[in-house]
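Undergrad: Just a sequence and a predicted model for now, questions to come.
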Amino acid sequence: MIKRFWQTLKRGIAEENPVLVLALGLCPTLAVTTSAFNGLGMSVAFTFVILGSNIIVSLIRNWVPKRIRIPVYITVIASFVTIVKLFMAAFTPTLQQNLGIYVPLIVVNCIILGRAEAFASRHGIRDSIADALGMSVGFTWVLVTLGGVREILGQGTFFGLNILGSGYNPTLLMILPPGAFLTIGVMIAIMQHLRQRG
(Lines give C-alpha, C1' and ligand atoms only; values in the text may rest on other atoms or scores of the structure.)
Protein backbone atom coordinates (compact mmCIF):
# COMPACT_ATOMS: atom_id res chain seq x y z
CA MET A 1 0.00 0.00 0.00
CA ILE A 2 2.84 2.41 0.89
CA LYS A 3 4.69 1.30 -2.24
CA ARG A 4 1.67 2.09 -4.42
CA PHE A 5 1.27 5.47 -2.71
CA TRP A 6 4.94 6.27 -3.42
CA GLN A 7 4.69 5.11 -7.05
CA THR A 8 1.62 7.30 -7.63
CA LEU A 9 3.38 10.24 -5.97
CA LYS A 10 6.58 9.75 -7.96
CA ARG A 11 4.70 9.57 -11.27
CA GLY A 12 3.55 13.19 -10.96
CA ILE A 13 6.98 14.46 -9.97
CA ALA A 14 8.94 13.05 -12.90
CA GLU A 15 7.39 10.38 -15.13
CA GLU A 16 4.18 12.34 -15.80
CA ASN A 17 5.31 15.80 -14.77
CA PRO A 18 2.37 18.01 -15.75
CA VAL A 19 4.50 20.75 -17.31
CA LEU A 20 7.71 19.17 -18.59
CA VAL A 21 6.31 15.83 -19.79
CA LEU A 22 2.58 16.26 -20.37
CA ALA A 23 2.95 19.94 -21.42
CA LEU A 24 -0.19 20.98 -19.52
CA GLY A 25 -0.77 24.28 -17.74
CA LEU A 26 1.85 26.10 -19.80
CA CYS A 27 -0.06 29.39 -19.94
CA PRO A 28 0.06 30.17 -16.18
CA THR A 29 3.47 28.53 -15.92
CA LEU A 30 5.02 30.91 -18.42
CA ALA A 31 3.00 33.97 -17.42
CA VAL A 32 3.51 34.10 -13.65
CA THR A 33 7.10 32.90 -13.30
CA THR A 34 8.86 36.25 -13.53
CA SER A 35 10.14 35.50 -10.01
CA ALA A 36 10.59 32.50 -7.73
CA PHE A 37 8.12 34.03 -5.24
CA ASN A 38 5.36 34.24 -7.86
CA GLY A 39 6.08 30.65 -8.91
CA LEU A 40 5.84 29.47 -5.31
CA GLY A 41 2.64 31.45 -4.72
CA MET A 42 0.93 29.94 -7.77
CA SER A 43 2.16 26.49 -6.72
CA VAL A 44 0.66 26.80 -3.23
CA ALA A 45 -2.69 27.88 -4.72
CA PHE A 46 -2.54 25.03 -7.24
CA THR A 47 -1.69 22.49 -4.51
CA PHE A 48 -4.63 23.54 -2.33
CA VAL A 49 -7.07 23.36 -5.25
CA ILE A 50 -5.91 20.04 -6.73
CA LEU A 51 -5.67 18.35 -3.34
CA GLY A 52 -9.11 19.50 -2.24
CA SER A 53 -10.65 18.73 -5.63
CA ASN A 54 -9.17 15.24 -5.86
CA ILE A 55 -10.40 14.40 -2.36
CA ILE A 56 -13.96 15.61 -3.01
CA VAL A 57 -14.18 14.06 -6.50
CA SER A 58 -12.92 10.75 -5.12
CA LEU A 59 -15.51 10.85 -2.33
CA ILE A 60 -18.48 11.64 -4.61
CA ARG A 61 -17.42 9.64 -7.67
CA ASN A 62 -19.99 6.87 -7.18
CA TRP A 63 -22.91 9.32 -6.83
CA VAL A 64 -22.25 11.64 -9.78
CA PRO A 65 -24.08 10.64 -12.99
CA LYS A 66 -21.69 10.33 -15.93
CA ARG A 67 -23.61 12.85 -18.05
CA ILE A 68 -23.02 15.71 -15.60
CA ARG A 69 -19.64 14.76 -14.16
CA ILE A 70 -17.64 17.57 -15.85
CA PRO A 71 -19.93 20.41 -14.62
CA VAL A 72 -19.85 18.86 -11.14
CA TYR A 73 -16.05 18.66 -11.17
CA ILE A 74 -15.76 22.26 -12.38
CA THR A 75 -18.09 23.37 -9.57
CA VAL A 76 -15.93 21.55 -7.01
CA ILE A 77 -12.75 23.09 -8.43
CA ALA A 78 -14.34 26.57 -8.58
CA SER A 79 -15.26 26.31 -4.89
CA PHE A 80 -11.64 25.69 -3.91
CA VAL A 81 -10.40 28.44 -6.25
CA THR A 82 -12.82 30.89 -4.62
CA ILE A 83 -11.40 29.98 -1.19
CA VAL A 84 -7.85 30.57 -2.47
CA LYS A 85 -8.79 33.87 -4.09
CA LEU A 86 -10.48 35.19 -0.94
CA PHE A 87 -7.56 34.03 1.22
CA MET A 88 -5.06 35.79 -1.05
CA ALA A 89 -7.14 38.97 -1.10
CA ALA A 90 -7.20 38.99 2.69
CA PHE A 91 -3.63 37.96 3.53
CA THR A 92 -1.39 38.33 0.44
CA PRO A 93 -2.83 41.13 -1.73
CA THR A 94 0.53 41.80 -3.41
CA LEU A 95 0.84 38.19 -4.49
CA GLN A 96 -2.75 38.21 -5.73
CA GLN A 97 -2.00 41.30 -7.78
CA ASN A 98 1.18 39.71 -9.20
CA LEU A 99 -0.66 36.53 -10.22
CA GLY A 100 -3.59 38.49 -11.60
CA ILE A 101 -6.15 36.66 -13.70
CA TYR A 102 -4.26 33.37 -13.42
CA VAL A 103 -5.67 32.63 -9.96
CA PRO A 104 -9.32 32.57 -11.11
CA LEU A 105 -8.23 30.69 -14.22
CA ILE A 106 -7.15 27.76 -12.04
CA VAL A 107 -10.81 26.73 -12.39
CA VAL A 108 -10.18 25.69 -15.98
CA ASN A 109 -6.59 24.52 -15.47
CA CYS A 110 -6.34 21.38 -17.58
CA ILE A 111 -4.07 19.68 -15.04
CA ILE A 112 -6.63 19.90 -12.23
CA LEU A 113 -9.64 19.04 -14.36
CA GLY A 114 -7.69 16.27 -16.07
CA ARG A 115 -6.66 14.67 -12.78
CA ALA A 116 -10.22 14.89 -11.48
CA GLU A 117 -11.55 13.17 -14.61
CA ALA A 118 -8.73 10.71 -15.33
CA PHE A 119 -7.69 9.75 -11.81
CA ALA A 120 -9.76 10.91 -8.82
CA SER A 121 -13.05 9.83 -10.40
CA ARG A 122 -11.70 6.27 -10.75
CA HIS A 123 -9.65 5.76 -7.58
CA GLY A 124 -10.03 5.83 -3.83
CA ILE A 125 -9.17 8.74 -1.61
CA ARG A 126 -5.66 7.56 -0.66
CA ASP A 127 -4.55 7.16 -4.26
CA SER A 128 -6.23 10.45 -5.20
CA ILE A 129 -4.29 12.26 -2.47
CA ALA A 130 -1.04 10.69 -3.68
CA ASP A 131 -1.83 11.73 -7.26
CA ALA A 132 -2.62 15.31 -6.19
CA LEU A 133 0.56 15.57 -4.11
CA GLY A 134 2.69 14.13 -6.92
CA MET A 135 1.27 16.55 -9.48
CA SER A 136 1.67 19.41 -7.00
CA VAL A 137 5.31 18.64 -6.24
CA GLY A 138 6.02 18.26 -9.97
CA PHE A 139 4.26 21.54 -10.74
CA THR A 140 5.93 23.34 -7.81
CA TRP A 141 9.51 22.41 -8.59
CA VAL A 142 9.05 23.44 -12.21
CA LEU A 143 7.48 26.83 -11.35
CA VAL A 144 9.99 27.68 -8.62
CA THR A 145 12.95 26.61 -10.78
CA LEU A 146 11.63 28.46 -13.82
CA GLY A 147 10.85 31.57 -11.77
CA GLY A 148 14.17 31.34 -9.95
CA VAL A 149 16.25 31.10 -13.12
CA ARG A 150 14.37 33.98 -14.72
CA GLU A 151 14.63 36.12 -11.58
CA ILE A 152 18.35 35.46 -11.09
CA LEU A 153 19.27 36.19 -14.70
CA GLY A 154 16.70 38.93 -15.24
CA GLN A 155 17.05 40.85 -11.97
CA GLY A 156 20.07 39.42 -10.12
CA THR A 157 17.87 38.41 -7.18
CA PHE A 158 16.37 35.20 -5.77
CA PHE A 159 13.17 35.47 -3.72
CA GLY A 160 13.86 39.21 -3.70
CA LEU A 161 17.35 38.89 -2.20
CA ASN A 162 20.19 40.40 -4.22
CA ILE A 163 22.54 37.48 -4.81
CA LEU A 164 24.61 38.68 -7.78
CA GLY A 165 25.65 42.03 -6.31
CA SER A 166 25.13 45.60 -7.42
CA GLY A 167 27.58 45.23 -10.30
CA TYR A 168 25.44 42.64 -12.11
CA ASN A 169 23.91 43.84 -15.36
CA PRO A 170 20.50 42.10 -15.58
CA THR A 171 19.43 40.29 -18.73
CA LEU A 172 16.00 41.87 -19.03
CA LEU A 173 15.01 39.40 -21.74
CA MET A 174 14.68 36.75 -19.04
CA ILE A 175 11.77 38.46 -17.24
CA LEU A 176 9.97 39.04 -20.54
CA PRO A 177 7.91 36.37 -22.37
CA PRO A 178 10.81 35.22 -24.61
CA GLY A 179 12.83 34.45 -21.46
CA ALA A 180 10.02 32.20 -20.24
CA PHE A 181 9.95 30.28 -23.52
CA LEU A 182 13.74 29.91 -23.64
CA THR A 183 13.94 28.67 -20.05
CA ILE A 184 11.04 26.21 -20.31
CA GLY A 185 12.49 24.91 -23.59
CA VAL A 186 15.82 24.16 -21.90
CA MET A 187 14.05 22.53 -18.94
CA ILE A 188 11.94 20.30 -21.23
CA ALA A 189 15.06 19.28 -23.16
CA ILE A 190 16.89 18.37 -19.94
CA MET A 191 13.88 16.38 -18.69
CA GLN A 192 13.60 14.47 -21.97
CA HIS A 193 17.32 13.70 -21.91
CA LEU A 194 17.10 12.38 -18.34
CA ARG A 195 14.03 10.27 -19.15
CA GLN A 196 15.74 8.69 -22.15
CA ARG A 197 18.82 7.85 -20.10
CA GLY A 198 16.85 6.46 -17.16
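TA: Yep, that arrived.
Undergrad: how about low-confidence regions in this structure?
TA: Per-residue confidence for the chain (pLDDT under 70) gives these ranges: 1, 198.
Undergrad: what's around the nearest residue to residue 149 once chain neighbours are set aside, how many residues?
TA: Excluding its sequence neighbours, the residue lying closest to residue 149 (Cβ to Cβ, 6 or more residues apart in numbering) is residue 183, at 5.3 Å. All C-beta spots, glycine's among them, are computed from the backbone N, C-alpha and C. A count of nearby residues for residue 183, using other Cβ atoms under 10 Å, gives 21.
Undergrad: swap in residue 63?
TA: Number of residues near residue 63 (other Cβ under 10 Å) recorded here: 7.
Undergrad: Where does the residue lying closest to residue 23 once chain neighbours are set aside sit, in terms of helix or strand?
TA: Leaving aside its sequence neighbours, residue 23 sits nearest to residue 188 (Cβ to Cβ, 6+ apart; 7.8 Å). Secondary structure assignment for residue 188, by DSSP states H and E: helix 177-197.
Undergrad: In the chain, where's the longest helix?
TA: The helix that spans the most residues within the chain, counting by DSSP state H, is helix 125-155.
Undergrad: so who does the residue nearest to residue 149 touch?
TA: 146, 149-150, 174 (Cβ atoms under 8 Å, 6 or more residues apart in numbering).
Undergrad: Repeat that for residue 95.
TA: When contacts are counted by Cβ under 8 Å, 6+ apart, residue 95 touches 37-38, 41, 88.
Undergrad: ok, 6 Å please
TA: Contacts for residue 95 (Cβ atoms under 6 Å, 6 or more residues apart in numbering) come out as residue 41.
Undergrad: Correct me if wrong, but it is in a helix.
TA: Yes. Assignment of residue 95 by DSSP: H, G, I helix; E, B strand; the rest coil places it within a helix.
Undergrad: State the distance from it to residue 175.
TA: From residue 95 across to residue 175, the span is 17 Å (Cβ to Cβ, to the nearest Å).
Undergrad: how far does stretch 170-183 stretch from start to finish?
TA: Using Cα to Cα, to the nearest Å, one end of stretch 170-183 lies 16 Å from the other.
Undergrad: likewise stretch 11-18?
TA: 10 Å.
Undergrad: List the buried residues of it.
TA: If you call a residue buried by 16 or more other Cβ atoms under 10 Å, then stretch 11-18 has these buried ones: 11-14, 16-18.
Undergrad: give the contact list for the residue nearest the centre of the chain.
TA: Geometric centre of the chain, nearest residue: residue 139, 3.8 Å, by Cα atoms, centre = their mean. Contacts for residue 139 (Cβ under 6 Å, 6+ apart) come out as 18, 43, 46.
Undergrad: For the second one, which non-adjacent residue is spatially closest?
TA: Of all residues not flanking residue 43 in the chain, residue 140 sits nearest, at 3.8 Å (Cβ to Cβ, 6+ apart).
Undergrad: Then residue 16?
TA: Residue 16's closest residue in space is residue 22 (Cβ to Cβ, 6+ apart), at 6.0 Å.
Undergrad: Done for today, thanks.
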